[in-house]
Structure formats: structure tokens, C-alpha cells
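J.: I'll drop the sequence and a predicted model, then ask my questions.
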Amino acid sequence: MKKQQICILGSTGSIGTQALDVISQHPDRYEAYCLTANSRWELLAEQARQYQPAAVVIANDKYYAPLRDALADQPDIKVYAGAEALNEIVEAAPIDMVLTAMVGFAGLTPTIRAIKAHKKICLANKETLVVAGELICQLAQENHVPILPVDSEHSAIFQSIVGEGDNHIEKILLTCSGGPFRNMSEQQLATVTAADALRHPTWDMGAKITIDSASLMNKGFEVIEARWLFGIPAERIQVLIHPQSIVHSAVQFCDGSVKAQLGVPDMRLPIQYAFSFPERLPLNGERLDLFKSHSLEFLEPDMQKFRCLSLAFEALHRGGNMPCIVNAANEVVNAAFREGRCGFLQMAEVIEKTMQKATFNPSPDYDVYIDSDREARLIAAEMI
């Protein structure tokens with residue numbers, strides 16, 4: 001069997017490092033062709049030494065020289081830098097699939113280039129579909145490119161509908177832990193810090209996504225992502241707070257039957273399933289013990305207290321470039337909250353005002369998305 005050549009966009013992040021572990025468990029099937037990072041050049045160099053990819057790319061070109069020097073004794077590993085190098089490397093002929101594990105808007109253009117180069121997409125960068133879902137789906141269809149979800153929730157939905165053919169989906173049940181603040185009052189939320197938010201109860205994720213999980217914006221983005229991945233309108237997507245993070249999501253069919261995917265919180269499972277679909281491969285790791293799972297709770301989210309979730313639904317209903325505007329504003333306030341320049345409750349306020357001020361376009365193309373992202377960032381930054 002020919003080894004599948006994988007390009008990992010964001011190999012030094014949480015998803016990227018776990019994807020490399022999956023590759024390590026199946027060296028007869030998978031090989032890292034290219035590894036990329038934004039600025040963590042030292043870890044990227046370590047990974048390159050271990051996995052011996054054909055190329056590495058550091059997006060922030062000021063780290064090109066130290067990365068090149070660190071790999072000077074590895075002549076078979078090509079070293080590149082800059083955003084355009086990211087866009088070009090995904091088009092390399094030997095690559096079979098691209099794992100988009102970059103965080104934020106930056107993942108959009110390389111994903112588009114990979115689709116146009118007919119590479120299988122293992123999608124962990126949810127912002128790609130949040131920002132430009134209609135465009136991405138259109139390009140995937142035109143280029144006959146599969147998009148396999150890597151988010152644990154969307155993988156769970158995908159696993160629940162495999163084999164169901166054209167059977168009508170009545171509702172998608174999208175679960176989330178509720179984050180560290182789910183039991184707090186609005187008064188308490190006014191004083192929480194980034195350090196508090198980064199203590200996620202069940203998942204180990206990067207800082208940006210962990211903050212988004214605390215505000216429930218991450219779940220709002222996953223609603224938008226689910227709409228495009230599965231063709232289900234927002235009114236048929238229900239968010240459930242599930243603190244145990246055992247049921248990763250579920251699908252309700254027209255006969256009332258509900259199918260769910262359960263497991264321990266381990267991102268390697270959805271990563272590997274995206275790599276290997278339609279096969280299931282062995283995976284070392286903890287197994288779900290239902291005898292220890294004494295209760296499974298499902299609660300309704302407080303849309304008033306966690307305004308970011310309701311703003312994501314509003315953006316999806318309005319359509320056009322509005323989800324792009326929300327994503328841009330959220331990236332700005334998320335960074336500001338982590339840096340202590342914005343309060344937790346102020347994040348939703350800034351996003352909502354940005355939605356009101358930014359230029360709305362009901363029929364955006366790629367250039368509109370680029371312009372909308374830039375405009376919304378400026379508006380949000382000025383308010384902060």
C-alpha cells in the first residue's frame with residue numbers, strides 16, 4: 001500500500017501534534033510530507049528532525065533564518081517562509097491530503113489553494129467554513145474534493161450519518177462542555193480573567209480556541225460549520241451543554257431515532273477517522289468506561305448570558321459576509337481578552353457593534369471576504 005502523504009498546516013499546535021502521534025502509530029500508512037507553523041520554529045525544527053518531511057514552512061518569515069540554521073544538517077528537508085509559501089506548498093504534487101490545523105482566518109487561503117489542487121481536506125480550521133462556507137463548498141464540489149471534519153463534534157455527526165444514505169435528518173444535536181464559566185452569574189463573569197478561562201474542564205486545546213469555548217463563540221462557529229458541512233439550516237441545529245464531554249454530538253432522524261458518537265475526550269480519534277475514512281484503524285489510548293460515567297447531563301445554553309452564541313446564530317441567519325465580520329471581530333477581542341485589554345462580557349459587546357458598523361454584503365466573493373475581514377478588524381480594534 002502506498003503511504004499517504006500528509007501536509008499539516010499548523011503542526012506545532014494541539015491538533016497538529018496529535019496528528020503527528022496518529023502518523024507515528026501508522027507509519028506503514030501515513031507520512032508527513034510537509035509541516036508548517038506560524039512562529040514556533042524551535043518545535044517545528046524538532047518535529048522535522050523526528051518525522052523527516054520533504055519540507056517545512058514557517059509563516060512568520062522573521063524566523064526563517066533560525067529555522068534554516070537549526071536544520072542546516074538536514075539537507076533533504078527544504079525550508080521555506082512566508083504566507084505565500086504556505087499557499088504554494090499545499091499544491092505540491094506528492095501530497096494526498098491536507099490537515100488544516102491553523103487557527104483563524106489565516107487558514108482560508110491555503111485551504112482554497114489545496115482544494116483547487118484537488119487535495120483531500122481534513123478540516124480542523126473551522127474559521128474557513130465560518131468565513132466562506134458557501135465558497136468553500138462550491139469549490140469542493142467543482143473540484144471533486146472531499147472535506148472530512150476533524151472537530152470532535154462534526155466528526156461525531158459525520159460518523160452518525162455514515163450509512164444513512166438520503167434518510168432525512170430532522171435535527172443535529174451539537175454538544176459542548178459549557179466551558180469553565182457555565183455555572184457563573186453575569187456579575188461573576190464581569191470579573192473573570194483569561195487565566196480563569198484557560199482552565200478548560202475537559203479538553204486540552206490552544207489558547208484561542210479555549211477562550212472561544214469559554215464564551216461559547218466556539219460553539220457558535222461550530223453551528224455555522226455544521227450548516228455548511230451537512231446542509232442543515234440553523235433552525236434544525238440545537239446546542240446542548242453536556243459537561244461530561246462523552247457524547248460528542250448526535251443526529252435525530254425523521255423517525256425520531258437519535259444516533260450519537262461517544263468516546264473519551266481525545267482529538268486523535270477524529271483526526272485518525274478523517275485520515276482513514278471509510279476504514280477504522282486501531283488507536284492506542286484510553287477507552288470509554290460507561291461504568292465510570294455515572295451520569296450524562298444535557299442542559300440548555302443561556303443565550304443571554306453567553307451572547308456570543310446568539311450572535312453567531314444571528315450572523316448565520318443574516319448570511320452573506322456577516323459570519324466573516326463576526327469571525328474577524330472575535331479574533332480581535334479574543335486576543336485583547338488574553339492580553340488583559342478587554343473584559344469577558346465586553347467581547348460580545350464589541351462583536352455586536354462591529355456587526356452593526358461593518359459593511360454588509362449579501363453575495364460576497366473571495367475579495368469581499370478579504371476586505372470584510374480587514375474592515376471588521378479595524379472597527380473592533382478601535383472600539384477596544
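T.: Sure, I can see it.

J.: which residues in the stretch 1-150 of the chain form strands?
T.: 4-9, 30-37, 55-58, 78-81, 97-100, 120-123, 147-149 (DSSP state E, counting those that start in this stretch).

J.: Helices along the stretch 251-384 of the chain, start to end?
T.: 268-276, 307-318, 322-338, 344-357, 366-383 (DSSP state H, counting those that start in this stretch).

J.: Could I get the buried residue list for the second one?
T.: Within helix 307-318, the residues that qualify as buried are 307-316, counting by 16 or more other CB atoms under 10 Å. In this view, the C-beta of every residue, glycine as well, is placed from N, C-alpha and C.

J.: Sort out which one of those lies nearest Asn183 for me.
T.: Leu309 (16.2 Å; CB to CB).

J.: just checking, that closest one touches Gly220?
T.: Yes: at 4.7 Å, Leu309 counts as touching Gly220 under the criterion of CB atoms under 8 Å.

J.: Quick check: pLDDT value at the nearest residue to Asp373 once chain neighbours are set aside.
T.: Sequence neighbours aside, Ala328 is the residue nearest to Asp373 in space, at 4.6 Å (criterion: CB to CB, 6 or more residues apart in numbering). pLDDT recorded at Ala328 is 97.

J.: What of Met205?
T.: 65.

J.: repeat for Gly104
T.: 87.

J.: try Leu288
T.: Confidence score, pLDDT, at Leu288: 94.

J.: give me every residue that touches Asp22.
T.: Careful, residue 22 is Val; it's not Asp. 30, 268, 271-272, 275, 283 (CB atoms under 8 Å, 6 or more residues apart in numbering).

J.: What of Arg280?
T.: Shown in contact with Arg280 (CB under 8 Å, 6+ apart): Tyr273.

J.: quick revisit: as a markdown table, the strands of the stretch 1-150 of the chain with mean neighbour count, distance to Arg199 and mean pLDDT would be great.
T.: Listed next are the strands of the stretch 1-150 of the chain as a markdown table, based on neighbours: other CB atoms under 10 Å; distance: least, CB to CB, whole Å; pLDDT from 0 to 100:
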| stretch | mean neighbour count | distance to Arg199 | mean pLDDT |
| --- | --- | --- | --- |
| strand 4-9 | 26 | 27 | 98 |
| strand 30-37 | 25 | 25 | 98 |
| strand 55-58 | 27 | 30 | 98 |
| strand 78-81 | 20 | 35 | 98 |
| strand 97-100 | 26 | 27 | 98 |
| strand 120-123 | 24 | 27 | 98 |
| strand 147-149 | 23 | 27 | 98 |
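
J.: so which of those gets nearest Ala380?
T.: Nearest to Ala380 among the strands of the stretch 1-150 of the chain is strand 97-100 (24.2 Å), distances taken as CB to CB.

J.: helices or strands up against that closest one?
T.: Other elements packing on strand 97-100 under the criterion 3 or more CB pairs under 8 Å, 6 or more residues apart in numbering; DSSP states H and E are strand 4-9, helix 14-25, helix 108-116, strand 120-123, helix 268-276.

J.: Show me what it is in contact with.
T.: 4-10, 15-16, 19, 90, 107, 110-111, 114, 119-125, 128, 150, 271, 274-275.

J.: one more time with 6 Å, if that's ok
T.: 6-9, 19, 90, 107, 111, 114, 119-125 (CB atoms under 6 Å, 6 or more residues apart in numbering).

J.: Report the strands that pair with it, each with its relative direction.
T.: Here strand 97-100 has these sheet partners by DSSP bridges: strand 4-9 (parallel), strand 120-123 (parallel).

J.: List the neighbours of the shortest one that are in contact with it.
T.: Where contact means CB under 6 Å, 6+ apart, the residues beyond strand 120-123 that reach it are 97-100, 146-150, 274.
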